[in-house]
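> whatever this is, show me its structure:
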Amino acid sequence: MQNAFLPNDCVGDPGGLALPGLPCDDSDPCTTDDLWSCTCACAGTDSDDTDGDGLCDPIDPCNTGATCNDSTACTTDDVYTSNCECLGTIDPDVDPADIVGSWLLADGLAYTYTTTPVPGAEFDWQIGPNPGSWTLVEQEETVSVIAPSINDDAILCVSVTMGSVCLKYGCIDLFIMDVGVQGPLVARSDFSVRPNPSDGLFELTCNGPVNGVVRYRVEDALGRSVFASGSTASARTPINLMSASAGVYLLKVSDDRGAEVIRLVVR
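Below you'll find the model as predicted:
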């Protein structure tokens with residue numbers, strides 16, 4: 001009977017604890033510190049959206065800067081990048097792992113990559129930024145890769161570990177050419193090469209402002225590098241293939257805008 005003389009709380013219970021200033025649950029996963037207000041409204045403080053993608057941090061599966069685990073003993077300080085990759089920092093004391101294989105891939109075809117064998121070690125191959133669209137078949141220091149039907153860049157990495165100790169780590173940049181859509185390799189609007197064909201002396205020209213560092217590499221038709229990869233911030237860069245045999249070569253050029261492949265012909 002005495003409850004009839006107690007004031008109702010915010011949910012109508014006489015003598016209840018749903019009172020202004022006390023905790024409540026507003027059923028919003030994007031708020032914290034939910035409290036009853038003096039008008040009996042249950043409200044909390046909005047959580048941060050650190051990466052600005054429209055998802056608050058508590059429900060963002062790959063919040064930029066949030067800690068994660070990239071499943072390799074060769075990295076530390078693993079965090080999510082802006083495109084949902086979980087990446088860590090490589091220990092500078094770790095020996096580099098060389099990866100042998102072609103950087104230029106045609107969609108739907110299989111390619112083999114190898115690194116130096118280490119007796120008793122475990123080899124973990126990973127590819128990004130969209131690993132679900134790739135097919136990887138690992139056989140210790142060798143991996144078979146089938147490229148997806150996209151026209152983009154990717155990165156293939158290998159971790160070589162012995163128990164919890166990282167022995168080697170290395171990566172190779174890949175360029176996937178969607179041959180079903182793109183057709184023959186041609187120069188696009190961002191870069192051009194003159195003269196082409198030539199006797200081996202080419203000039204790579206950036207058609208417009210240089211957007212950051214321009215990276216380039218020349219390979220023969222079998223994917224073997226015939227010109228050391230390099231980078232430049234200049235709008236005009238000489239490429240010397242005077243020592244190369246007559247034939248067709250592939251030049252990969254990339255900057256912050258993307259990547260292109262240009263056919264070079266040495267007479």
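> contacts and neighbour counts: CA atoms only from here.
Will do.
> where does this structure have its least confident helix or strand?
helix 179-182 (a mean of 40; mean pLDDT, DSSP states H and E).
> that one: what's the following helix or strand?
Going down the chain from helix 179-182, the next helix or strand is strand 191-194, by DSSP states H and E.
> quick one: buried residues of that next one?
Buried residues in strand 191-194, defined by neighbour count with 16 or more other Cα atoms under 10 Å: 191-193.
> would you mind giving those residues as JSON lines with pLDDT and distance to residue 217 added?
Listed next are the buried residues of strand 191-194 as JSON lines, based on pLDDT from 0 to 100; distance: Cα to Cα, whole Å:
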{"residue": "191", "pLDDT": "82", "distance to residue 217": "14"}
{"residue": "192", "pLDDT": "84", "distance to residue 217": "14"}
{"residue": "193", "pLDDT": "88", "distance to residue 217": "13"}
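> closest one of these to residue 77?
residue 191 (36.9 Å; Cα to Cα).
> any regions of the stretch 151-267 of the chain where pLDDT drops low?
Within the stretch 151-267 of the chain, the segments meeting pLDDT under 70 span 151-152, 177-189, 209-211, 220-229, 257-258.
> after the host helix or strand of residue 145 comes which helix or strand?
Using DSSP H and E, residue 145 sits within strand 142-146. For strand 142-146, the following helix or strand on the C-terminal side (DSSP H and E) is strand 152-162.
> quick one, that next one and strand 142-146 angle?
Put simply, strand 152-162 runs at 160 degrees to strand 142-146, going by axes from the mean of the first three to the mean of the last three Cα atoms, to 10 degrees.
> buried set for strand 152-162?
For strand 152-162, by 16+ other Cα under 10 Å, it's 153-161.
> output those as CSV; include the columns distance to residue 246.
Shown next, in CSV, are these (distance: Cα to Cα, whole Å):
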residue, distance to residue 246
153, 29
154, 30
155, 31
156, 31
157, 33
158, 35
159, 38
160, 39
161, 43
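> nearest residue to residue 37 other than its sequence neighbours?
residue 20 (4.8 Å; Cα to Cα, 6 or more residues apart in numbering).
> actually residue 137, sorry about that
residue 144 (5.0 Å).
> same thing with residue 170?
Of all residues not flanking residue 170 in the chain, residue 97 sits nearest, at 4.4 Å (Cα to Cα, 6+ apart).
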